[in-house]
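Enquirer: Here is my input, please return the structure:
(4 chains)
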Number of protein chains: 2
Amino acid sequence: MNTVRGARERARIEVTAAIKDEARRQLAAEGAAKLSLRAVARQLGMVSSALYRYFPSRDELLTALIVDAYDSAGAAVETASADAAGAPPRTRWLAAATALRAWALAHPHEYALIYGSPVPGYRAPQDTVGPAARVADVFIAVIREAHTGPGLALPPLPAGLRAEAERMTEDFARGLPPAVTAALVGVWAQLVGLISFEVFGHFQNVVTESERDRFFAHHADRLAREVGLPGPAPAA
Amino acid sequence: MNTVRGARERARIEVTAAIKDEARRQLAAEGAAKLSLRAVARQLGMVSSALYRYFPSRDELLTALIVDAYDSAGAAVETASADAAGAPPRTRWLAAATALRAWALAHPHEYALIYGSPVPGYRAPQDTVGPAARVADVFIAVIREAHTGPGLALPPLPAGLRAEAERMTEDFARGLPPAVTAALVGVWAQLVGLISFEVFGHFQNVVTESERDRFFAHHADRLAREVGLPGPAPAA
DNA sequence: GTCTATAGGCGGATAGAC
DNA sequence: GTCTATCCGCCTATAGAC
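Expert: Numbering: from 1, shown residues only, chains lettered A, B, ... in the order given. Below you'll find the predicted structure:
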């Protein structure tokens, strides 16, 4: 009885995975807006109504794909950061940023799903906020570690932003100097913007493909400086 | 005869405009991927086949919308830059950046069309490259003007990027110091990224809505510094 | 859990009359 | 330029048998 239950559960997990895999393939071909349960079923040799036993609606399938994408990106960035443990903070930042870019280039459609234009008509449920934070948290952790000693020099914040920066710090970056938190939030958006431009093709005819690694490294490093990280060569 | 021809042409222009207007409304409701000639026709009280006299295919309609969006954004930014003529370069940069953000927030779906995820299955024809350059050219012009005198201090470029920076300069930013061109391209992507994060909702629960103007100004100004623009108060 | 069948839609594109 | 008619395809979702 237990083994039967186990077998059934295993089967369910396998079918669920197959559905998501096929859905990801369709994402690449047609985009999230046109993701269709029927087409997935057809490709899998099932009948569309059978899928409803696994995902109660198209949107739930989409949610699962979004959560998976955040987790996949998060894992990639976490690994890169862990591999660079002990390295100077700026090196570690660069490793994390490079890992995110590499993941984005390797999974452009899943990247678009989480950092591109919102899917029209889709309302992200609460389930996505945890996974969404995972990637950003790696960058926060890298910076937090660099700031355990005396705070690093960062130009003082304009008076009008101080209260907001303190609130943000309290909310999701406890322990950082508020000026660093404020810088980080903007820099994070800019880092994703840099990656998006490349993934979405806006560097075509602008930045030569063979130079893009270097180009990205240059700018990602500049962004590290903006959040107050000292250079790889320990700056006195 | 001439008046008849004139009347016909006028009618054609009006209908074409009505089609694009309705298409823009649909863009907002359903997204570019689901833009449908049939639905546009239905809403306009026409029959779908009639639209083919104005746009030979769905993709041509989409192209028209993209070109219009680039032009609309370009005009907004150009106006802001012209209004700030004579102001210190950094003020002018900020005016242009702020205008782009305001346009984006006022036209989120058209913004997504040009700076968001690519529309699956749609191949941008050559017609879009001219209008696409229009917005970026305003920023190039602002910087060019600031650099007519002696070049501004910007940290030297890593050796590996020098050749690429010189090529870019030659291609679309003639007259700028190569280090500035290289900075500008990355900064431009980052500026758009900053705007995208806000427009696409990634600042929800992160940056308080009432603080976003200030937050953007802070970071846009930081970006101006990164391309070598001197501050609003003329720095000796 | 999977199937068939069904309801009640939607789409792009073309031909040929007026 | 606009119409009707048509081809041929697509979709979400549910009911009810097995």
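
Enquirer: So if we follow the domain assignment, how does chain A break up?
Expert: Domain ranges of chain A: A:1-56, A:63-226, per automatic domain parsing.

Enquirer: Now do the SS call for the residue lying closest to residue A:40 once chain neighbours are set aside.
Expert: Using C-beta to C-beta, 6 or more residues apart in numbering or on different chains and skipping the chain neighbours, the partner closest in space to residue A:40 is residue A:22 (4.9 Å). The way it works is simple: take the backbone N, C-alpha and C, and place the C-beta from them, glycine included. Classification of residue A:22 by DSSP: H, G, I helix; E, B strand; the rest coil places it in helix.

Enquirer: Tell me, how many residues neighbour residue A:22?
Expert: Counted by other C-beta atoms under 10 Å in any protein chain shown, the residues lying close to residue A:22 total 17.

Enquirer: doesn't residue A:44 make contact with it?
Expert: Yes. Assessed by C-beta atoms under 8 Å, residue A:22 is found in contact with residue A:44 at 5.6 Å.

Enquirer: how about the helices of chain A, start to end?
Expert: Using DSSP state H, the helices of chain A run over A:2-30, A:37-44, A:48-51, A:58-83, A:89-106, A:108-115, A:129-146, A:159-172, A:178-199, A:212-226.

Enquirer: still on that earlier bit, between the domains of chain A, which gets nearest to DNA strand D?
Expert: Of all those, domain A:1-56 sits nearest to DNA strand D, with 3.2 Å by C-beta to the nearest atom of the strand.

Enquirer: and that closest one, what's its mean pLDDT?
Expert: The average pLDDT for domain A:1-56 rounds to 90.

Enquirer: same thing with stretch A:157-165?
Expert: Taken as a whole, stretch A:157-165 carries a mean pLDDT of 97.

Enquirer: hmm, that stretch touching chain B?
Expert: Yes. Stretch A:157-165 reaches chain B (C-beta under 8 Å from any C-beta of the partner chain) through A:157-158, A:160-161, A:164.

Enquirer: what do you get for stretch A:119-126?
Expert: Yes. Contact of stretch A:119-126 with chain B (C-beta under 8 Å from any C-beta) involves A:119-121.

Enquirer: Distance-wise, check residue A:62 relative to residue A:135.
Expert: According to C-beta to C-beta, to the nearest Å, residue A:62 and residue A:135 sit 19 Å apart.

Enquirer: out of those two, which sits in the more crowded spot?
Expert: residue A:135 (25 against 20).

Enquirer: which one is residue A:157 nearest to, not counting chain neighbours?
Expert: Closest to residue A:157 by C-beta to C-beta, 6+ apart is residue A:179, at 4.6 Å.

Enquirer: DNA strand C contacts on chain A?
Expert: A:8, A:11-12, A:15, A:45-50, A:53-54 (C-beta under 7 Å from any atom of the strand).

Enquirer: Could you dump these into CSV and include distance to DNA strand D and neighbour count?
Expert: As requested, these are arranged in CSV below (distance: C-beta to the nearest atom of the strand, whole Å; neighbours: other C-beta atoms under 10 Å in any protein chain shown):
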residue, distance to DNA strand D, neighbour count
A:8, 16, 10
A:11, 17, 10
A:12, 17, 12
A:15, 16, 16
A:45, 14, 6
A:46, 12, 16
A:47, 8, 10
A:48, 5, 13
A:49, 3, 10
A:50, 9, 13
A:53, 9, 10
A:54, 12, 17
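
Enquirer: Pull the number of nearby residues for the residue of chain A found nearest chain B.
Expert: Of the residues in chain A, the one nearest chain B is residue A:193, at a distance of 1.1 Å by C-beta to the nearest C-beta. Using other C-beta under 10 Å, residue A:193 has 25 neighbouring residues.

Enquirer: Now do the contacts for the residue lying closest to it once chain neighbours are set aside.
Expert: The shortest distance from residue A:193 to any non-neighbouring residue, by C-beta to C-beta, 6+ apart, is to residue B:193 (1.1 Å). Contacts for residue B:193 were tallied using C-beta atoms under 8 Å, 6 or more residues apart in numbering or on different chains; they are A:189-194, A:196-197.

Enquirer: again, only this time at 6 Å
Expert: The contact partners of residue B:193, by C-beta atoms under 6 Å, 6 or more residues apart in numbering or on different chains, come to A:189-190, A:192-193.

Enquirer: sorry, back to before: let's have the helices of chain A in JSON lines, adding distance to residue B:226.
Expert: As requested, these are exported to JSON lines (distance: least, C-beta to C-beta, whole Å):
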{"stretch": "helix A:2-30", "distance to residue B:226": "35"}
{"stretch": "helix A:37-44", "distance to residue B:226": "45"}
{"stretch": "helix A:48-51", "distance to residue B:226": "49"}
{"stretch": "helix A:58-83", "distance to residue B:226": "24"}
{"stretch": "helix A:89-106", "distance to residue B:226": "16"}
{"stretch": "helix A:108-115", "distance to residue B:226": "22"}
{"stretch": "helix A:129-146", "distance to residue B:226": "19"}
{"stretch": "helix A:159-172", "distance to residue B:226": "19"}
{"stretch": "helix A:178-199", "distance to residue B:226": "10"}
{"stretch": "helix A:212-226", "distance to residue B:226": "7"}
